[in-house]
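Participant: What shape does this take:
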Amino acid sequence: MKTPLLLVGLVAAAAAQSSDLASEGKAWWAHVQVLADDALEGRNAGTPGYDKAVDYVEGQFKAIGLKPAGTSGFRQPVKFENRQLVAERSQLTLVRNDKEEPLVIGQDATLNARGELNGSKEAGMVFVGYGLSIPDAGWDDLAGQNLRGKIAVYVNAFPPVKVSDNVRSHANTADERWAAAKRAGAIGIATIPVPAADTAPARGGAAGGGGGGGGGRGGVPAPVVALADRDVQNLSGQVLALAFTQAGAAKLLAGSSHTPAEIGQLVRDGQALPRFALPGTLKAQAAVTREVWEASNVAGLFEGSDPALRSEVVVMTAHLDHVGVGRAVNGDAIFNGAMDDASGVASMIEIARLLKASKASTKRSILFVAVTAEEKGLLGSRYFAAHPTVPFEKIVGDINLDMFLPLFPLKVIEVQGLAESSLGESVRAAAKSLGVEVQTDREPAQNRFIRSDQYSFIRRGVPALAFKFGYEFGSPEEKIRLDWVANRYHQPSDDVTQPVNLEAAALFNRVIRTLLQRVADDTARPSWNADSFFRRFATR
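Facilitator: Next comes the predicted model:
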């Protein structure tokens with residue numbers, strides 16, 4: 001039994017910690033309030049509102065005493081381009097037996113400005129089933145197909161193979177689909193939707209998914225944002241990108257000896273699909289306008305102290321941008337992005353401040369990077385991972401925060417990537433030291449491990465983790481989280497009026513700070529586990 005004096009001491013210590021957490025939570029929230037203020041107009045990359053956010057983060061890094069670690073002080077400017085198809089100068093035509101059959105853009109197919117065509121191109125087409133190459137499953141729709149100079153046409157569906165969620169999500173990305181087609185010699189891709197049982201629709205309707213997508217008027221989608229640096233573009237070399245509708249797919253397959261009904265039934269039955277050259281050619285005319293613009297990553301360095309290890313770097317990332325101003329909901333058109341992801345950037349600032357204020361010393365350096373254009377396809381982190389402001393071989397790991405959702409008391413942290421690398425054990429130890437449990441991803445089918453900025457580092461072989469507040473299935477916490485996703489995710493209501501647990505956010509920040517310090521002080525670099533799917537990307 002504890003003595004009364006000891007009990008008094010424990011209560012006093014607990015009260016002091018609670019007070020500290022309250023203070024730390026308020027300091028964190030103050031950053032969120034600035035970054036998610038209406039004056040920043042949703043921090044859309046490339047807008048004055050985003051520039052204000054960059055100014056704020058840069059000012060905080062300076063005040064904390066971090067070392068400038070961009071290419072221009074704390075900033076790493078990144079050039080982007082908006083590509084917009086000009087509707088009245090875009091045409092699609094099927095050419096067969098010297099006869100031309102015009103395709104109605106918006107009814108039969110849509111063009112996408114991801115394709116680089118600016119002029120005319122005529123090319124043959126090959127139907128390649130699901131269009132996927134998955135070595136892990138012994139599956140390759142492109143093997144043995146003559147795609148040199150042609151368009152790879154595939155169904156927007158996943159083949160009947162059993163693979164892990166990681167393999168499925170990685171193989172099914174636009175990057176990997178195009179990479180496989182490009183290796184086989186294709187110059188473009190075209191998708192068809194899974195043909196319905198009744199394959200004679202009177203009207204078109206936009207097809208979804210990897211090839212083209214809708215989003216604009218008259219079958220010409222909204223502008224596509226790409227990195228201006230061709231060497232970093234994930235879809236470079238893709239001359240044509242288009243998506244056929246149900247009506248267009250019927251025209252495309254006509255005369256091929258295969259029907260939409262046959263293909264649709266095979267997909268629904270979970271069967272392999274035939275692969276065959278399509279008759280004739282596709283003639284495309286496209287005009288694309290390009291607008292170049294710039295937005296910056298912001299990078300500050302907390303320098304390590306060990307002579308042998310301080311040149312090595314643990315990177316902490318969080319994305320600074322959000323989606324800007326959009327269609328009003330209940331009279332509010334500003335998508336403030338308080339949780340997504342002002343919360344992560346606020347945590348980055350506070351963790352850096354507390355490290356400095358505590359006069360902490362770590363063996364390795366810690367690089368804090370607020371990245372841009374995550375909402376446009378992880379583009380800022382992709383650029384940083386390709387052109388890091390420190391030697392790439394010195395980057396040992398990435399700790400990424402994106403919308404971690406401190407909506408209830410922190411009892412358990414969900415760790416994306418927990419079982420993939422030695423970082424999993426590091427975060428277990430860090431959380432345990434603060435009385436917090438860890439769990440794996442509660443929704444693995446959402447594939448969040450490859451859907452935020454850590455994936456830019458993973459693709460270059462760098463071990464990484466990402467985090468959410470955890471919960472148990474069927475618990476009130478699960479309901480709170482699901483309600484938030486349904487009602488606030490990418491909505492104007494993700495603002496500073498929403499209820500947030502400040503002490504829980506502060507405790508989360510302590511866990512992440514402890515994790516960063518453990519990784520920075522460990523004599524061994526983080527390493528991929530032997531059975532990790534992502535180990536294949538490691539080059540060192």
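
Participant: give me every residue that touches W139.
Facilitator: Shown in contact with W139 (CB atoms under 8 Å, 6 or more residues apart in numbering): L132, S133, P159, V161. Every residue, glycine included, has its C-beta placed from N, CA and C.

Participant: how far away is it from K150?
Facilitator: Plainly put, W139 is 21 Å away from K150 if you go by CB to CB, to the nearest Å.

Participant: Quick check: buried residues in stretch 412-428?
Facilitator: Across stretch 412-428, burial judged by 16 or more other CB atoms under 10 Å covers 412-418, 420-424, 426-428.

Participant: circling back: in strands, which of the contacts of W139 appear?
Facilitator: Among the contacts of W139, the ones falling in strands (DSSP state E) are S133.

Participant: which among the contacts of W139 gets closest to R230?
Facilitator: S133 (23.3 Å; CB to CB).

Participant: what bridges to that closest one?
Facilitator: Legend: beta-bridge partners of S133 under DSSP bridges are D140.

Participant: which residues does it contact?
Facilitator: Neighbouring residues of S133 by CB under 8 Å, 6+ apart: W139, D140, D141, L142, A143, A171, E176, A180, R183.

Participant: Relative to Q265, how far out is the first one?
Facilitator: Distance, W139 to Q265, by CB to CB: 20 Å.

Participant: Residues contacting stretch 343-356, please?
Facilitator: 24, 27-29, 31-32, 35, 53, 57, 60-61, 64-66, 300, 302, 316, 318-320, 362, 366, 368, 370, 400-406, 505, 508-509, 512-513, 516-517.

Participant: Report the buried members of these.
Facilitator: With burial judged by 16+ other CB under 10 Å, the buried subset of these is 24, 27-29, 31-32, 35, 53, 57, 60-61, 64, 66, 300, 302, 316, 318-320, 362, 366, 368, 370, 400-406, 505, 508-509, 512-513, 516-517.

Participant: Please report the distance of A357 from A27.
Facilitator: According to CB to CB, A357 and A27 sit 10 Å apart.

Participant: what's in contact with stretch 514-526?
Facilitator: By CB under 8 Å, 6+ apart, the surrounding residues in contact with stretch 514-526 are 304, 309, 312, 314, 316, 351, 355, 360, 362-366, 396-397, 399, 421-423, 426-427, 429-431, 433-434, 463, 465.

Participant: Just the buried residues from these, in ChimeraX please.
Facilitator: Those of these that count as buried under 16+ other CB under 10 Å are selected in ChimeraX with:
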select :304,309,312,314,316,351,355,360,362,363,364,365,366,396,397,399,421,422,423,426,427,430,431,463,465
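
Participant: Please, where are all the helices along the chain?
Facilitator: Secondary structure of the chain (DSSP state H): helices located at 4-35, 48-64, 165-171, 174-183, 246-253, 260-268, 343-357, 379-386, 423-432, 454-458, 476-487, 502-521.

Participant: average pLDDT for the last one?
Facilitator: Think helix 502-521. Regarding helix 502-521, the rounded mean pLDDT is 98.

Participant: likewise the fifth one?
Facilitator: Confidence for helix 246-253, expressed as mean pLDDT, is 94.

Participant: Kindly export that helix (C-alpha atoms) in CSV.
Facilitator: Extracted in CSV, the C-alpha atoms of helix 246-253 (Å, rounded to 0.1, in the frame of the first residue of the first chain):
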residue,chain,number,x,y,z
GLN,A,246,-20.2,2.3,-71.8
ALA,A,247,-21.4,3.6,-75.1
GLY,A,248,-17.8,4.3,-76.3
ALA,A,249,-16.6,0.9,-75.2
ALA,A,250,-19.2,-0.8,-77.4
LYS,A,251,-18.0,1.2,-80.4
LEU,A,252,-14.4,0.4,-79.5
LEU,A,253,-15.0,-3.3,-79.3
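
Participant: quick one: it to helix 260-268, angle?
Facilitator: Going by axes from the mean of the first three to the mean of the last three CA atoms, to 10 degrees, helix 246-253 is angled at 110 degrees with respect to helix 260-268.

Participant: what about stretch 493-511, how long is it end to end?
Facilitator: In stretch 493-511, first residue to last residue: 28 Å (CA to CA, to the nearest Å).

Participant: mind listing what's buried in it?
Facilitator: Residues of stretch 493-511 classed as buried by neighbour count (16+ other CB under 10 Å): 493-496, 500-511.

Participant: between those residues, which is nearest A228?
Facilitator: Nearest to A228 among those: D494, at 29.7 Å, using CB to CB.

Participant: Give the full set of residues in contact with the closest residue to the closest one other than its chain neighbours.
Facilitator: Counting by CB to CB, 6 or more residues apart in numbering, R488 is the residue found nearest to D494 once chain neighbours are left out, at 4.5 Å. For R488, the contacting residues are M339, D494, Q498, by CB under 8 Å, 6+ apart.

Participant: Next up, phi/psi of R488, please.
Facilitator: Here is the backbone geometry of R488 (degrees, to the nearest 10): phi -130, psi -20.

Participant: For stretch 39-58, C-alpha coordinates in PDB please.
Facilitator: Extracted in PDB, the C-alpha atoms of stretch 39-58 (Å, rounded to 0.1, in the frame of the first residue of the first chain):
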ATOM      1  CA  ALA A  39      -7.800  34.800 -44.100                       C
ATOM      2  CA  LEU A  40      -5.700  32.000 -45.600                       C
ATOM      3  CA  GLU A  41      -8.600  30.900 -47.700                       C
ATOM      4  CA  GLY A  42      -8.000  27.200 -47.400                       C
ATOM      5  CA  ARG A  43      -4.300  27.300 -48.200                       C
ATOM      6  CA  ASN A  44      -4.600  26.100 -51.800                       C
ATOM      7  CA  ALA A  45      -1.100  25.700 -53.200                       C
ATOM      8  CA  GLY A  46      -0.100  28.500 -55.500                       C
ATOM      9  CA  THR A  47      -2.500  31.100 -53.900                       C
ATOM     10  CA  PRO A  48      -1.900  34.100 -51.700                       C
ATOM     11  CA  GLY A  49      -3.500  32.200 -48.800                       C
ATOM     12  CA  TYR A  50      -0.900  29.400 -49.200                       C
ATOM     13  CA  ASP A  51       1.900  32.000 -49.300                       C
ATOM     14  CA  LYS A  52       0.700  33.400 -46.000                       C
ATOM     15  CA  ALA A  53       0.900  29.900 -44.500                       C
ATOM     16  CA  VAL A  54       4.500  29.600 -45.900                       C
ATOM     17  CA  ASP A  55       5.400  32.900 -44.300                       C
ATOM     18  CA  TYR A  56       4.000  31.700 -40.900                       C
ATOM     19  CA  VAL A  57       5.800  28.400 -40.900                       C
ATOM     20  CA  GLU A  58       9.100  30.100 -41.900                       C
END
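
Participant: Other residues contacting that stretch?
Facilitator: For stretch 39-58, contacts defined as CB under 8 Å, 6+ apart pick out 34-35, 73-75, 80, 293-296, 298, 320-326, 334-337, 342, 345, 349, 370, 372-373, 375-376, 380.
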